[in-house]
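Trainee: Just need the structure, nothing else, for what follows:
(one chain, ligands or ions: 1)
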Amino acid sequence: MPEMKKLGQNDPETRSVDVVVGNVEALKALLPDAFAEGKIDFEVLKSLLGDTVDEKDEKYGLSWHGKRRARQIALAPSTGTLLPCPEESVDWETTQNLMIEGDNLEVLKLLQKSYANKVKLIYIDPPYNTGKDFVYPDDFRDNISNYLELTGQTDGGRKISSNTESSGRFHTNWLNMLYPRLRLARQLLRQDGVIFISINDKELSNLLTICSEIFGEENFIATLVWERGRKNDARRFSLGHEYIVGYAKDLAHIEELLPAWREPKEGVTEIVEEYDRLKSIHGSDFEALSSGLVEFYKSLPDTSPAKKYSRSRFVDKRGIWRDNNISWPGGGGPKYALPHPITGQPCKIPDDGWRFVEETMKEKIRDGFVQFREDHTKSPFLKSYLYIDGSNAGNDDETAGEKLQVMGSVFYRHSQPSNDVMKEIFGEKVFENPKDHIVLSRLIRYCTGSSDTILDFFAGSGSTGHAVWELNHRDGTKRRSVMVQLPEPLDSDDRDQALAAAFCDSIGKRRTISELTKERLRRVGATFRDSSGLTRNDIGFRVFKLTSSNIRAWTPDPDDLENSLLKNAEHIVQGRNEQDVLFELLLKLGLDLCVPIQTKHVEGKIVHSVGGGVLIVCLAQGLTKDVIEPLGAGIVAWIKQLAPAVDPRVVFNDSGFADDIAKTNMAAILSQNGISDVRSL
Ligand SMILES: C[S@@+](CC[C@H](N)C(=O)[O-])C[C@H]1O[C@@H](n2cnc3c(N)ncnc32)[C@H](O)[C@@H]1O
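Mentor: Take a look at the predicted model:
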């Protein structure tokens with residue numbers, strides 16, 4: 001006998017037709033303009049039905065629910081700090097790179113003092129809002145607790161959910177997430193700085209609109225297209241491309257002061273790669289480098305685009321060059337006397353005249369672009385550089401790097417798919433569709449100089465950090481990387497995250513995406529070391545983790561005032577150490593997190609000197625009246641020895657002083673020696 005299904009209250013069959021839903025659907029079909037994110041916009045509906053709307057209220061721009069709040073969120077100061085984690089870092093003592101684990105909103109706030117106007121290029125690849133990405137909800141009142149809870153760092157942490165299209169706040173949530181972060185990011189850019197943001201069709205138009213609002217329409221650089229591969233299951237068009245939206249902090253400044261951006265032409269990259277390989281063998285033996293290049297050209301097939309540059313076979317300290325004619329193209333050039341540097345006699349003037357007017361010629365000679373022959377009987381020649389070693393790629397001098405070209409606006413994926421790169425690094429595809437680090441390194445090389453800082457605050461698997469290191473390794477440059485990544489929990493029950501979670505288990509780390517970022521950097525860095533572990537590049541990174549401040553806020557319990565007073569007598573949160581407080585001070589005072597720190601015992605107390613004596617910190621306890629005098633004298637002597645360029649600041653722990661007299665005495669001793677900026681925490 002067939003089973004009889006018992007209908008319950010929740011079964012659709014027991015409910016009457018939902019008239020409202022039907023009406024809404026009918027209205028949507030008739031007047032789609034009256035809907036935004038699946039909800040009726042009654043103002044628009046009224047106007048579509050002929051009701052007059054006051055034109056005063058119509059403004060140009062994108063508005064969404066929560067925009068004002070998003071603006072405020074960017075302004076509210078962070079109550080957090082960044083805890084140093086030397087044990088998870090690589091080359092802690094010497095590196096200039098940073099890997100910060102935390103919510104980027106808070107981290108961007110904390111970096112405002114130390115890194116304002118310092119970053120040359122920001123590249124970000126935020127969640128695209130595909131419905132599967134989670135969008136981290138900021139909490140206006142206490143975002144640090146919210147962060148700790150969402151990332152499972154406090155008991156009973158909430159589960160982060162994804163931003164689905166049916167949530168009714170699909171675009172809103174995404175805009176609320178990105179808007180304050182972009183505002184904060186802008187402050188970190190140098191005046192000649194640029195930001196590039198990856199995005200797909202879902203949010204491209206919204207992204208362009210908020211970027212034009214935040215960075216200014218006049219600072220729009222380009223929307224680049226990144227062809228990342230065909231999707232064969234598509235039913236209409238195979239959307240294999242994405243975009244990279246570029247804005248400058250101040251495009252007028254870049255146009256006015258910086259040379260045009262250029263990159264090597266096709267074929268030149270192979271030559272430069274060979275040159276780098278030869279350099280790693282022959283160092284600066286220019287003759288050996290030159291012979292190596294000659295052999296390389298010979299080995300190339302005739303079809304190779306590099307072959308046509310085979311005249312560029314000479315090497316000097318500047319790079320790879322060829323000899324070039326120094327006469328005026330087409331004839332009719334100036335014919336002044338140019339003395340030979342050894343014989344002092346005027347050199348033979350080319351029939352067509354010199355290529356440059358006299359003034360320019362003198363500059364070219366001074367800058368080493370003109371090569372004289374053994375004596376004056378032959379004209380000198382011009383050195384035309386195919387490649388200028390380690391310099392800013394943007395050199396458009398006509399005798400230097402003449403084989404450079406402007407970049408096109410379409411990028412193609414590199415021959416090695418980035419998913420394979422994941423397998424090569426991790427042994428597994430632990431991160432879905434990471435960005436191609438070779439393409440990123442090309443973009444970074446194109447618009448940054450050799451020691452610039454590059455920031456990615458949606459670091460994911462760390463492709464941008466990898467790109468910066470790849471570039472430094474190749475060009476011998478010293479670009480710095482700053483990565484920020486949320487410790488986004490990985491769920492081993494989720495099919496898409498199971499591999500990554502298992503990988504974290506296998507290396508004994510927490511199941512989070514930031515563990516993958518750090519591990520990628522460690523593994524990639526190791527490939528740039530030689531067999532004895534040495535490297536000429538900075539492939540280290542300092543790890544910091546976002547958490548609540550080290551300094552306890554005064555939050556008395558009204559029912560137990562006595563106890564809360566006692567608790568607050570010690571201002572520093574239990575479990576935090578001296579180094580933690582020291583780095584919070586650096587952030588609050590606006591010092592670089594990689595600034596050199598020296599530590600010394602003075603009268604048995606630990607004293608730190610930050611940045612060559614700019615900041616002196618002593619957080620020791622037990623500063624009694626007997627200790628004050630010798631400790632003060634020791635600090636004064638150390639500052640004199642360090643001779644900082646600016647007036648030093650000295651900081652103590654307030655509860656370190658035995659009493660108020662000890663504190664006053666210390667201030668007096670320092671002030672007598674001209675040190676007036678003295679504070680206690
Ligand atoms: C699209 S992925 C970036 C992938 C990266 N470009 C790569 O090649 O591996 C975006 C990343 O941003 C991270 N993320 C999302 N919200 C964040 C937040 N509030 N703070 C820091 N990172 C966040 C996500 O965990 C995710 O790993």
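
Trainee: got the contact list for the closest residue to Leu440 other than its chain neighbours?
Mentor: Residue nearest to Leu440 in three dimensions, not counting chain neighbours: Ala467, with 3.8 Å by C-beta to C-beta, 6 or more residues apart in numbering. Just so you know, the C-beta spots here come from the backbone N, C-alpha and C atoms, and that holds for glycine as well. Residues near Ala467 by C-beta atoms under 8 Å, 6 or more residues apart in numbering: 437-438, 440-441, 444.

Trainee: one more time with 7 Å
Mentor: With contact set as C-beta atoms under 7 Å, 6 or more residues apart in numbering, Ala467 has these partners: 437, 440-441, 444.

Trainee: and what of Gly525?
Mentor: So Gly525 contacts 90, 469, 539-540 (C-beta under 7 Å, 6+ apart).

Trainee: try it again with 6 Å
Mentor: Residues in contact with Gly525 (C-beta atoms under 6 Å, 6 or more residues apart in numbering) are 90, 539.

Trainee: Please compute how far the helix or strand that contains it lies from its chain's middle.
Mentor: Gly525 is part of helix 513-527 when elements are defined by DSSP states H and E. Taking C-alpha atoms, centre = their mean, to the nearest Å, one finds helix 513-527 lying 16 Å from the centre of the chain it belongs to.

Trainee: Just the CA atoms of that helix, as PDB, please.
Mentor: Extracted in PDB, the C-alpha atoms of helix 513-527 (Å, rounded to 0.1, in the frame of the first residue of the first chain):
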ATOM      1  CA  ILE A 513      43.600  30.900   5.600                       C
ATOM      2  CA  SER A 514      46.300  33.100   7.200                       C
ATOM      3  CA  GLU A 515      48.200  30.000   8.100                       C
ATOM      4  CA  LEU A 516      48.300  29.200   4.400                       C
ATOM      5  CA  THR A 517      49.500  32.700   3.600                       C
ATOM      6  CA  LYS A 518      52.400  32.400   6.100                       C
ATOM      7  CA  GLU A 519      53.300  28.900   4.900                       C
ATOM      8  CA  ARG A 520      53.400  29.900   1.300                       C
ATOM      9  CA  LEU A 521      55.800  32.800   2.100                       C
ATOM     10  CA  ARG A 522      58.000  30.400   4.100                       C
ATOM     11  CA  ARG A 523      58.100  27.800   1.300                       C
ATOM     12  CA  VAL A 524      58.500  30.300  -1.500                       C
ATOM     13  CA  GLY A 525      61.200  32.200   0.400                       C
ATOM     14  CA  ALA A 526      63.200  28.900   0.900                       C
ATOM     15  CA  THR A 527      63.400  28.500  -2.800                       C
END
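
Trainee: Tell me the buried residues in it?
Mentor: 513-522, 524-525 (16 or more other C-beta atoms under 10 Å).

Trainee: got any ranges where this structure has weak pLDDT?
Mentor: 1-19, 52-53, 156-157, 159-160, 230, 390-403, 413-416, 553-558, 560-570 (pLDDT under 70).

Trainee: got the residues of it near the ligand?
Mentor: 103-105, 125, 127, 136, 431, 434-435, 458, 460-461, 463, 484-486, 488, 513 (C-beta under 6 Å from any ligand atom).

Trainee: Where does the closest residue to the ligand within the chain sit: helix, strand or coil?
Mentor: Distances between the chain and the ligand by C-beta to the nearest ligand atom are smallest at Gly460, namely 2.4 Å. Secondary structure, DSSP: H, G, I helix; E, B strand; the rest coil: Gly460 is coil.

Trainee: name the helices or strands packed onto the one helix or strand Ser205 maps to?
Mentor: Counting by DSSP H and E, the element that carries Ser205 is helix 201-215. Helix 201-215 sits against helix 170-188, strand 241-248, with contacts defined as 3 or more C-beta pairs under 6 Å, 6 or more residues apart in numbering; DSSP states H and E.

Trainee: And for Glu227, the neighbour number?
Mentor: 12 (other C-beta atoms under 10 Å).

Trainee: is it true that it touches His241?
Mentor: Yes. Counting by C-beta atoms under 6 Å, Glu227 does reach His241; the two are 4.8 Å apart.

Trainee: check contacts around the most centrally placed residue in the chain.
Mentor: Residue closest to the mean C-alpha point of the chain, counted by C-alpha atoms, centre = their mean, is Leu455 at 0.8 Å. Residues near Leu455 by C-beta under 6 Å, 6+ apart: 119, 122, 482.

Trainee: burial count for Leu75?
Mentor: 10.

Trainee: sorry, back to before: between the contacts of Ala467, identify the one with the most neighbours.
Mentor: Neighbour max across the contacts of Ala467 (other C-beta under 10 Å) = Leu440, 28 neighbours.

Trainee: my guess is that residue is in a helix, correct?
Mentor: Yes. Using three-state DSSP, the assignment for Leu440 is a helix.

Trainee: got a list of what it touches?
Mentor: Applying C-beta under 6 Å, 6+ apart, the residues near Leu440 are 463-464, 467.

Trainee: one step back: follow the chain on from the helix holding Ser205 and name the next helix or strand.
Mentor: strand 220-227.

Trainee: can you pull out the helices in the stretch 201-350 of the chain?
Mentor: Here the stretch 201-350 of the chain has its helices, by DSSP state H, counting those that start in this stretch, at 201-215, 251-257, 268-282, 286-299.

Trainee: quick one, which of the ones you listed is nearest to Leu546?
Mentor: helix 201-215 (23.3 Å; C-beta to C-beta).

Trainee: list the buried ones in the closest one?
Mentor: Buried, per 16+ other C-beta under 10 Å, within helix 201-215: 202-204, 206-208, 210-212, 214-215.

Trainee: Residues contacting stretch 266-280, please?
Mentor: 289, 292, 296, 305-306, 320, 387, 403, 474.
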